[in-house]
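Asks: Sharing a model prediction with you, sequence too.
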Amino acid sequence: MNPSIAADRSKGGTPGDEIVVRATGLTKVFKDFWGRPKARAVDNVDFEIRRGEVFGLLGPNGSGKSTTIKLLLGLLYPTKGHITVFGQSPRDVGTKARIGYLPEESYLYRFLNPGETLDFFGSLFQIDAPERRRRAEQLIEMVGLNQARTRTVGEFSKGMQRRIGIAQALVNDPDLVILDEPTAGLDPLGCREVKDLILALARRGKTVILSSHLLSDVEDVCDRAVIYYGGRIQAQGPLHHLLAKPDSVRITAPVLSRETTDRVLSLIRAEVGDTVRLENPTQNLESYFLGVVEAARRQAETSGATSGNRVAEYLRGTGGFDGADATGQGESVLERLSRPAATVAEAAPEVATPEAAPSTAVLDALVRQDPPSPPIAAPTPPATRGEAPATEPPVDLSKANDALSGLLGGKGGPGARK
Amino acid sequence: MTRRFEIYRNTDRQHLAIPLGFSWTAAVLDWIWAFWLRLPVLGIVFLVLNLVSGAVLYANRAGWKSFLVSQVVQGIAIGFAARRFRELSAERRGYAYLCTVPARNAADAVAKVVQVGGEPLPGWKARHLAGVPDLVPRSLRPLMAVALLTIQAAFRYRLVLTLLGLLVALVFVLPSAIKHDGSAQGFTQILITYTLGAITALLGFTTLWIACGTLARDIEEMQLFLVAAKPIPRWQVWLGKWIGIMAVNLGMLVVSGSVAFGLLQLRTGELSPDQQVKLRNEVLVARDGAREPSVDLTKDIQALLAERLKDPAAAVIDPALVRKQVEEMVKARQQVVPPGMLRRWQVPLGPDARQRLAGRPLFVRVKFFTTQYNSEGTLYPAYWEIGPPEGRRMRLENSLPAESFVEFGLDPRATAEVIGPDGVLAIDFQNWTQQPLLFPLDEGMEVLFHEGGFALNYLRGLLIIAFWLGLLAAVGLACSSFLSFPVASFCSIALLVLGLSGNTLKQVVDQGGIVGVSNESGTVTESTLVNQVSVAIYGSAKRLIDQVSGYSPISNLSTGRSITWLELLRAFVVINGVVGGVVSVVGIVVLTRRELAAPTKF
């Protein structure tokens, strides 16, 4: 997981010692009508997931990710091995009360509207009627389906169905959230909201299992991951261990003058030879897109899904996100995107603009052979929690709009990309 | 006076105010109010409620006070539920909840919201969510949620409306298309037998189809996959579906049954006055039946058998065959009335029968067989003397057909006199024909007497039909617990057809198999494995079907026979408790053990 996310997570819940899911020698063989083995979907898999972890299941199609999820939901039974959830069999009805599950596709009743859908699933958790209605109201608002609350799920687009699917997975305020391809069919804004929601849940000590083909999703939010292939686990461990490249470093700085750049390069080459690469960092498209959409959102309404609003109150717990309500520190992108424009600008895309070159004194300080400098922070991820440092100046969204106009062949504004 | 109004807004930014609390308009105008709010289904339900309560009270001669009380109770319930209905109406028209505003009236509430530019003030946001509290226990909430979901599906997929239309059309069209012959029997045949039969058939097939569809399709389309990931035991999913189907069925049955009942009452005027009297006395009534207590023939059989076995000639004959012949002989003595001879039946009607049945008509229902060839339409003269042997007796002569049930009534004015002080009705029959007549012990003679009103009997009849539908729903759900929708539908309909072909089952069991049946003896020539297996299967199916096929409410209603509460309970226990229970347990166990996420194999 990205260090900034790790830092953010450290403010709230951190993976604890309590084991939520334990799989030992887990094997699932699908058989035909006559009992002959047809496919070995999961083969002798061992893993443990601890409380508060965001755990990723990665792998190509048919590698066994979804089968593993179905096994831990008690919808399939292991051929060999054991799996426990909260120390119980996955088939135990009481255990399921602590689980929220979003399947890979929308398996919702097409004739119900969002409110009825959430009321139905709330009833399955034995929630009282007034509380069900309260949660349904908050969840519908959270997933941005306020404008579509009178339409039935059958009329929804795939992305809207995904949103109501996410809402139903959270209706019971679960301790373990299992999300199978949660961002499939969602627009970039929705993807970012979902990732943000995952982090918000993890901060509250919830355990999240995320299965996804989208490696960036897993990379952005997961503490640990397993990589499946052919039903077997090929690799597993903390993401920062799996992804770390200890034999190289990256330095990010404002635009430097030619002279300074040459001096830096010559210094580095003197130590490592010609294996140095110099390039202008590009802005992440997701961040850029989100900024443009947010600007447009403030000018027009849509009858489809809107940007989700604040995380449902009951999901925040009594104290909010570790005091987030009071300080704003734990506030998510999801929440900030729904706030009035001045605050939203913090999450708006940064359009590259030349800045004044630093003085040579800065360079001197940089290349000085002083005691070892503190570890270099990794680059900010595209879908981090969006918590810009307090000192970071707000970004002017009009620049992003101008840049998009330029890209689309319109009039290029002063900030248009050259 | 300030009230609280829920403000709804649509995408055109139009506002709507719904008052919280009791609605007098809804309470007074019920169905008119529902139609006005564009809630046609609700309007129909209210209208039918009015019609049913009116019809039931009218049929029981309850008077206007009872009707008024029922209307007040209904009005109070609707008045309290009105707000939720109005919310539904608003949501259906594309409005979404905005806020709750204190105001003097609806216009004032909307004006307040418009005044602040449609952006609710902070104090207006809180929604009054009290609503109707959950009446079901917490642990059964998932069960009721599945039941409600099944009902919602039936409404949303227009099944209820379509079926309701078909049923009502059937009830109206069938009696109009088939003209009766002007007799009470013909009138009854069409308005009860055909109409209720058609309703039962239509609802029966629909029940099987819905039951197979609601579970099998949920499994195939993976909705159940998501439901099973929630904390609901699978038996509650299964039972919830069953309850939902039965709720829809009961609704359909009540509506179509009420319309059929209303038509029956209204069209009575088409008959001539004497046929109307006959209809009132023999059909639109609940009549109980009494038979002569069965006589223990064992002693007579033993005595005669011992006498026969003393004969040296009997020593060479198979003792079992001798015993069978003796049994037939003893039974024949009880059943056969030789020419010119008399047979007396002593039928107990209850100790208080004299007082209870005074002024009520009594009916004698007989069935006999001739020992010679009986051509169709032949009538046999009969002479009857009815009443206490030592007292005043009623004498009558008539001509009756053989091999079918025949009913003739006794003058109601004489009822009190012909019944003995001990409540026993003595019936003497003299055979005036030239041949012996055989009255079967089980159905040869029965006396029918007034037991209650038709409306309640009709209701009990409908309940037995509902029990049948419950069994069909269980069969459909059990099949779809492990089969795909088309296969489950096919299997359950095949089971239904098998159930209806009871004679075929009996024939196979009687002839001892299905292969190598002799044309002469009508039985199989050798006992092969195929024959043994087929007899075992057909025999089991027949025993199962015999358990439930004894309850035929339509036949009872069309002959004015009473369906007692005890019979109703027995029918429920046998149809739904025993047979339905076994089917349900099989279905639930299969569903519980099934891997729902595994691909359907067939």
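Replies: Now that the structure is in, tell me what you want to look at.
Asks: Next one: residue A:313 from residue B:374, what distance?
Replies: Applying C-beta to C-beta, to the nearest Å, the value for residue A:313 to residue B:374 is 85 Å. Every residue, glycine included, has its C-beta placed from N, CA and C.
Asks: can you check residue B:110 too?
Replies: From residue B:110 to residue B:374 the distance is 84 Å (C-beta to C-beta).
Asks: next one: phi and psi at the closest residue to residue A:187 other than its chain neighbours?
Replies: With sequence-adjacent residues excluded and distances taken as C-beta to C-beta, 6 or more residues apart in numbering or on different chains, residue A:187 is closest to residue A:159, at 5.9 Å. Backbone torsions for residue A:159, taken as degrees, to the nearest 10, come to phi -70, psi -40.
Asks: how many neighbours does residue A:159 have?
Replies: When neighbours are counted by other C-beta atoms under 10 Å in any protein chain shown, residue A:159 registers 18.
Asks: Likewise for residue B:214?
Replies: For residue B:214, the number of neighbouring residues by other C-beta under 10 Å comes to 24.
Asks: surely it meets residue B:153?
Replies: Yes - assessed by C-beta atoms under 8 Å, residue B:214 is found in contact with residue B:153 at 6.8 Å.
Asks: Domain parsing of chain B, as residue ranges.
Replies: With domains defined by automatic domain parsing, chain B comprises B:1-135, B:139-285+B:453-602, B:290-451.
Asks: So what would you say the end-to-end distance of the first one is?
Replies: Going back to what we said before, that points to domain B:1-135. Using C-alpha to C-alpha, to the nearest Å, the span of domain B:1-135 from its first residue to its last is 32 Å.
Asks: Centre of the chain to that domain, how far?
Replies: How far domain B:1-135 lies from its chain's middle: 35 Å, per C-alpha atoms, centre = their mean, to the nearest Å.
Asks: same deal with stretch B:274-288?
Replies: Using C-alpha atoms, centre = their mean, the mean C-alpha position of stretch B:274-288 is found 21 Å from that of the whole chain.
Asks: Any stretches of chain A with poor pLDDT?
Replies: Along chain A, segments meeting pLDDT under 70 span A:1-16, A:283-290, A:292-293, A:296-310, A:316-418.
Asks: redo that, cut-off 50
Replies: Flagging of chain A using pLDDT under 50 yields the residue ranges A:1-13, A:318-360, A:362-363, A:366-418.
Asks: Walk me through the domains of it.
Replies: A:3-242, A:249-282+A:352-412.
Asks: Out of those domains, indicate the one that is most buried.
Replies: Stretch with highest mean neighbour count among the domains of chain A: domain A:3-242 (a mean of 20; mean count of other C-beta atoms under 10 Å in any protein chain shown).
Asks: Let me know how buried residue B:568 is, in neighbour terms.
Replies: By other C-beta under 10 Å, the residues close to residue B:568 number 18.
Asks: tell me what the helix or strand encompassing it is packed against?
Replies: Per DSSP states H and E: residue B:568 is located in helix B:565-571. Packed against helix B:565-571 by the contact rule (3 or more C-beta pairs under 8 Å, 6 or more residues apart in numbering or on different chains; DSSP states H and E) you find helix B:454-480.
Asks: Tell me the helices and strands packed up against the helix it packs on.
Replies: Short answer (3+ C-beta pairs under 8 Å, 6+ apart): helix B:454-480 packs on helix B:40-59, helix B:195-220, helix B:234-266, strand B:286-290, helix B:485-500, helix B:553-558, helix B:565-571, helix B:580-593.
Asks: From chain A, how far out is the closest residue in space to residue B:360 that isn't next to it in sequence?
Replies: Spatial nearest neighbour of residue B:360, excluding adjacent residues (C-beta to C-beta, 6+ apart): residue B:450 at 4.2 Å. According to C-beta to the nearest C-beta, to the nearest Å, residue B:450 and chain A sit 49 Å apart.
Asks: now residue B:450: how far from residue B:286?
Replies: Using C-beta to C-beta, we find residue B:450 at a distance of 8 Å from residue B:286.
Asks: Please apply the same query to residue B:279.
Replies: 14 Å.
Asks: so where is chain B shaky, pLDDT-wise?
Replies: B:130-132.
Asks: Closest residue of the stretch 501-602 of chain B to chain A?
Replies: residue B:597 (3.8 Å; C-beta to the nearest C-beta).
Asks: so what's that residue up against?
Replies: A:70, A:73, A:75, A:76, B:225 (C-beta atoms under 8 Å, 6 or more residues apart in numbering or on different chains).
Asks: Leaving aside the residues adjacent along the chain, what's closest to the second one?
Replies: This points to residue A:73. Nearest residue to residue A:73, sequence neighbours excluded (C-beta to C-beta, 6+ apart): residue B:229, at 4.7 Å.
Asks: Give me the neighbour count for that neighbour.
Replies: There are 26 residues near residue B:229, going by other C-beta under 10 Å.
Asks: What of residue B:389?
Replies: Neighbourhood size, residue B:389 [other C-beta under 10 Å]: 11.
Asks: SS state for it?
Replies: Under DSSP: H, G, I helix; E, B strand; the rest coil, residue B:389 falls in the coil class.
Asks: Leaving out sequence neighbours, find the closest residue to it.
Replies: Distances taken as C-beta to C-beta, 6+ apart place residue B:426 nearest to residue B:389, at 5.8 Å, with adjacent residues excluded.
Asks: distance of the one you found from residue B:386?
Replies: In terms of C-beta to C-beta, residue B:426 sits 7 Å off from residue B:386.
Asks: the more surrounded of the two?
Replies: Neighbour count, other C-beta under 10 Å: between residue B:426 and residue B:386, residue B:386 has more, with 22 against 19.
Asks: From what I see, that one and residue B:394 are in contact.
Replies: Yes - with contact defined as C-beta under 8 Å, residue B:386 counts as touching residue B:394 (4.6 Å).
Asks: what helix or strand does residue B:399 sit in?
Replies: Counting by DSSP H and E, residue B:399 is part of strand B:394-401.
Asks: chain center to that strand, what's the gap?
Replies: The answer for strand B:394-401 is 36 Å, by C-alpha atoms, centre = their mean.
Asks: can you list contacts of it?
Replies: Contacts to strand B:394-401, defined as C-beta under 8 Å, 6+ apart, come from residues B:366, B:368, B:377-387, B:406, B:408, B:410-411, B:414, B:417-418.
Asks: Mark which of these are buried, thanks.
Replies: Among the contacts of strand B:394-401, those buried by neighbour count (16 or more other C-beta atoms under 10 Å in any protein chain shown) are B:366, B:368, B:380, B:382, B:384-387, B:406, B:410, B:414, B:417-418.
Asks: Now residue B:450: phi and psi?
Replies: When read as degrees, to the nearest 10, the backbone of residue B:450 gives phi -70, psi 130.
Asks: OK, contacts around it?
Replies: Contacts for residue B:450 (C-beta under 8 Å, 6+ apart) come out as B:285, B:286, B:287, B:288, B:357, B:360, B:361.
Asks: beta partners for the second one?
Replies: The one in question is residue B:286. Beta-bridge pairing of residue B:286 under DSSP bridges involves residue B:452.
Asks: Confirm residue B:426 sits in a strand?
Replies: Yes - assessed with three-state DSSP, residue B:426 lies in a strand.
Asks: what about it, distance to residue B:289?
Replies: Residue B:426 is 17 Å from residue B:289, by C-beta to C-beta.
Asks: of the helices and strands packed on helix B:454-480, which approaches residue A:183 most closely?
Replies: Nearest to residue A:183, of all those, is helix B:195-220, at 26.5 Å by C-beta to C-beta.
Asks: Any buried residues in the closest one, and which?
Replies: By 16+ other C-beta under 10 Å, the buried positions in helix B:195-220 come out as B:195-196, B:198-200, B:202-204, B:206-219.
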